[in-house]
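Participant: Predicted model, plus sequence, below.
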Amino acid sequence: MSSHFQSTGTFDDFWILLAFDTFIFIGALVLFKIFSQLPSNRSFYYPKLYADGTNEKPTLPQGYFGWIKDCLHLPDEKIFERCGLDSLMHIVFLRLVCYMIVSFLPFALVIIIINGTGDQNVTGVPKLSLANIAGDSPRMWIHLTFSYAFTIITLYWLYKGYQIYEKFRIIENSRDLAHNYTVLIRDVPPHVNLEKVLLNIASNGTYITPTGENLTPGEPVDTIKPNGFDVVPLGNEEKYVGTGLVSLHWAVDAKMARKLQEEKRNIFKKLRFAQEHFEKTGKVPYHKVGKFWNLQRVESIPTYQKKLQDLDAEINRLRNNLFGTTSSGFATFQSIGMAFQCAQTLIHDDPRTLPKPAPYVIDILWDNLRVPKKRRLLMTCVSFLAFFGLLFFWAIPVGFVQALANLNRLGQVPGLEFLAKTNNWPTVVRAFIQGFLPSLVLIIFYALLPKIIVYVSLLQSPHSTSKLEEICTQAFFMFEFINVLLVSALSGGIFNILYTFSGDLGASEIANLLGSTIPAQSIFFINLILTYALVTCPVHALRFPELVMTKIKQFLTGSEGEKKEAEKPNPPYYFSLYGVELLVFSITMTYVFTSPFVILWAFLFFAITYVYTINYIIYVGVPKVQGKGNLWPIVVNCCLISLIFAQITLIGVLSLKGFPEGAAVSPMLFLSIAFAFWIHKHFRHSCDYLPASKYPSNTEFLGFKYKDSYLDPALDSRRELPDGDWSLSNFLEAGYTVIRSISRP
C-alpha cells in the first residue's frame, strides 16, 4: 500500500455503523408516524393544515407513507404559490443534486469495480478508491476520462437549476406586490435632491390615474378622483400626482419607538390571551409582577390595558418630538416597469448609490437603515476579522474530534498509549467510538454555530433579514468547508503546514497536500454523511424535544390562544440548512473523482433530506421572511467552489501517483472557472431585473395602493398591534369583552 494513502476503516466497522444508524432511522420514522397520527398532536405535526382559521377538519396524508407520496407529487408551481421562491429553490437544489448523483452512478460503478480489482493490496473501504491503482496502470486513463464526464454533468445540472430560477424569478418580479413597485436607496449624499432625480426618472413613463385613466402631465390635481382610496399619501405628496412617482418615504432614526412598539405588540398579545381565558372559564385572570423578591399578584386585564395606554402615550410623545431622518429611503412608483428602470439608474456619480429593488416590508431591518456608510464599512472589517478568528478557533475542537476517528494513531501520543490497545476491544465498541461518536459530536458542535454566525453577521448592518441570510450562508459554508472538509482531512495539521510553508506554499504543494490527505479520510466522511442522513434528518422530522416543550407550555397555560402559540414551529433558516447540504455536496464532489463509493451514501442523504424538506415546508415551517430566491446565486457559487476544489485534489492525487498525463485535468479546471463567470453574467440581468418584455401593462397593475406600504413603522400606528389594523381605543373601552367580537375597520 502506498504510504501516501494510509487509512483506517474496515468493512466490518462500516457495516456495524450502517446497521446502528439504520436502527435509529427506522425507530424515528415509526415514532414520527405514531405521534403525528395522535389527535392531540396533529396540529403540532401539520400546523399549516390547521392555520386557515376555519372549523373544517383538514385532510391529513393517508397511509403509512402517504405523506411521502404527497410530497413527491407536488409540482413546482404549487410549492411556489404556497411557500415562496426561497423554499422552491431549496427544494430544486436538493432535487437537482439527486439527479446529478444518479447521472454519476453509471460512471461511478465502473470506477468502483476498477478500483476494487486493483493490485495495490489495499484493505478496507480504501480498497474501493484510487489508492488501490498503480500510478503507471492504464486504468488511470479511465479515471481521467470520467473526471470530464463528472464535470460536464455537474455544470449541466447547475445550468438547468439556473433556468428554473430564472423562470420563477421573473414570475416573482412581475407579481402585483408592494416590493415590486418600490426601490431602496441607501447613502444618499446630502447635496443630492433625491426627489428631483426620482421625478426625472418617473417622467419618462406613461401616467395612469388611480381610476385607470390617462393623465396629461401638468393636469391640475383636483381633476383626479381617488375612486376608493386616497391618492395623496402624506404631507405635501400631492405634487407626485401626475407623475410616475407615488411616494417617497425616508427611514427615520427611531430605535426607542420601535422597541416600545414591539413591547406594545407583546402586551397586546397577552391581553388577548387573558380575554380568551376569561371567556372560557369565567374567572378573572391574574399574574405576578415585580422583582423576584417582591412579587405582587395583580389582575391581568386592567394591568395590561393600563400598560397599553402608557405605551401608546409614550410612542405618541416620541412622534411629536419628531425623529431624525436618515440617508436611506424607499421610492414607490405607479408601475413595476418604472421601479425596475429606476433600479438600473445611478442617482449620483458614486456607483454605490445605485437603487436596489426593495425587499419585502416585513423583511426590512429598519434600525440598520440609520447606520451611515463609513460605520458599516468599519464594522464589516470587524466582522471579517471576527470570522477569521472564529474560523481558526473552531479548528481546534474539530481537529480533536477527528483524532477520535483514528484511535491507533492517537495512541502514539505520549500519555495516551492505552488507546493503542483498541484493537483488542469488541468490534462494535471500536466502531461506535471511531465511527459514530466523532460524527455525532461534530454535528452537535456545529449546531451551536448558526447563532454565533448570525450575531457576527449583524455587525455589518444588513438592510434586511434576507440580506443577513445571504451573508450567513456564505460564512457558514466557508466554516463547514474549511473546518470540516479540510481540517478533518488534515487531522488538525493545517497549522503546521501553514507554518512550514508560510510564504512558500505554491500551487503544486497545495495540490500534493490535498491529494495525500483527503483520499485517506473517506471512511470518516461516509460515517458523517450516514449520521446526517439516518440520524439527524429523522430526528428533526420527529421534533421530539419541541413536542415535549409544547405539551409542557400547553399544560401551564389556560387560553386557547396561548396553546396555539405554543405549537408554532420555529421558522426555517435557510443558511443553516444549506450549510449542511453544501458540505455533503462538497464531500461528494471531492470523492466522486477518487473514491466514488462515497456518492452512494450521499445520494441516500439527499434523497432523505429532499423528502423531509418538502414535508417540513408544506406541512410545518412558515418562513419568517421571503428573500425572493436571492440565495440561489450564492449556492451555485458554493457548488462551483466545491467542484474546483475536487479538481485540484484530483490533480494532487495523480501527481503523487506519478501519472504523467495528470496535467490533462487542467483544461477541466479552467472550464469550471470560465463557466462560473459565464453563468452569472448570462442570467444576471433577467434574474436581478425584470425584462422589459415581461413588464405588466399599466392598466393591469397600479402602485397607488402601495403608497404607504414602505412608510417607516415608527411613523405608522397601524403596525403597532398584531393581526391587522385594530383600534386600541375601542379595545380598551370594551373592558372584558372578548377580543374576537371586535370588528376590524
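Facilitator: It's in. Residues are numbered from 1 along each chain as shown.
Participant: chain center to stretch 543-560: distance?
Facilitator: In terms of CA atoms, centre = their mean, to the nearest Å, the centre of stretch 543-560 is found 27 Å from the chain centre.
Participant: what does stretch 607-623 give?
Facilitator: Using CA atoms, centre = their mean, the offset of stretch 607-623 from its chain centre is 13 Å.
Participant: before we move on, what about stretch 92-100?
Facilitator: Relative to its parent chain, stretch 92-100 has a centroid offset of 17 Å by CA atoms, centre = their mean.
Participant: now the helices for the stretch 251-400 of the chain?
Facilitator: When assigned using DSSP state H, counting those that start in this stretch, the helices of the stretch 251-400 of the chain occupy the ranges 255-281, 300-320, 336-342, 373-404.
Participant: Mind putting these into TSV with mean neighbour count?
Facilitator: No exception for glycine: its C-beta is placed from N, CA and C like everyone else's. Compiled in TSV, the helices of the stretch 251-400 of the chain are given as follows (neighbours: other CB atoms under 10 Å):
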stretch	mean neighbour count
helix 255-281	18
helix 300-320	16
helix 336-342	25
helix 373-404	15
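Participant: now the ones you listed in TSV, with mean pLDDT and distance to Ala692?
Facilitator: Listed next are the helices of the stretch 251-400 of the chain as TSV, based on pLDDT from 0 to 100; distance: least, CB to CB, whole Å:
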stretch	mean pLDDT	distance to Ala692
helix 255-281	84	38
helix 300-320	86	42
helix 336-342	86	7
helix 373-404	81	31
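Participant: Tell me who's in contact with the closest residue to Pro569 other than its chain neighbours.
Facilitator: Nearest residue to Pro569 in three dimensions, chain neighbours excluded: Val620, at 5.2 Å (CB to CB, 6 or more residues apart in numbering). With contacts defined as CB atoms under 8 Å, 6 or more residues apart in numbering, the neighbours of Val620 are 45-48, 569.
Participant: now do Asn630
Facilitator: Contacts here follow CB under 8 Å, 6+ apart; on that basis Asn630 touches 466-467, 470.
Participant: Could you measure from the residue nearest to Pro569 over to Lys628?
Facilitator: When CB to CB, to the nearest Å is applied, the distance between Val620 and Lys628 equals 22 Å.
Participant: repeat for Tyr610
Facilitator: Between Tyr610 and Lys628 the computed distance is 23 Å (CB to CB).
Participant: Neighbour count for these two, which is higher?
Facilitator: Neighbour count, other CB atoms under 10 Å: between Tyr610 and Lys628, Lys628 has more, with 24 against 21.
Participant: I'd guess the more buried one is in a strand, am I close?
Facilitator: No: with DSSP: H, G, I helix; E, B strand; the rest coil as the criterion, Lys628 is located in coil rather than a strand.
Participant: Would you mind measuring from it to Tyr181?
Facilitator: The separation that Lys628 has from Tyr181, given CB to CB, amounts to 14 Å.
Participant: Check Pro572 too.
Facilitator: Going from Pro572 to Tyr181 by CB to CB gives 28 Å.
Participant: for Gly389, same thing?
Facilitator: When CB to CB is applied, the distance between Gly389 and Tyr181 equals 43 Å.
Participant: likewise Glu469?
Facilitator: As for Glu469, its distance to Tyr181 is 23 Å (criterion: CB to CB).
Participant: mind showing which ranges of the stretch 101-250 of the chain have poor pLDDT?
Facilitator: Within the stretch 101-250 of the chain, the set of residues satisfying pLDDT under 70 comprises 124, 204-243.
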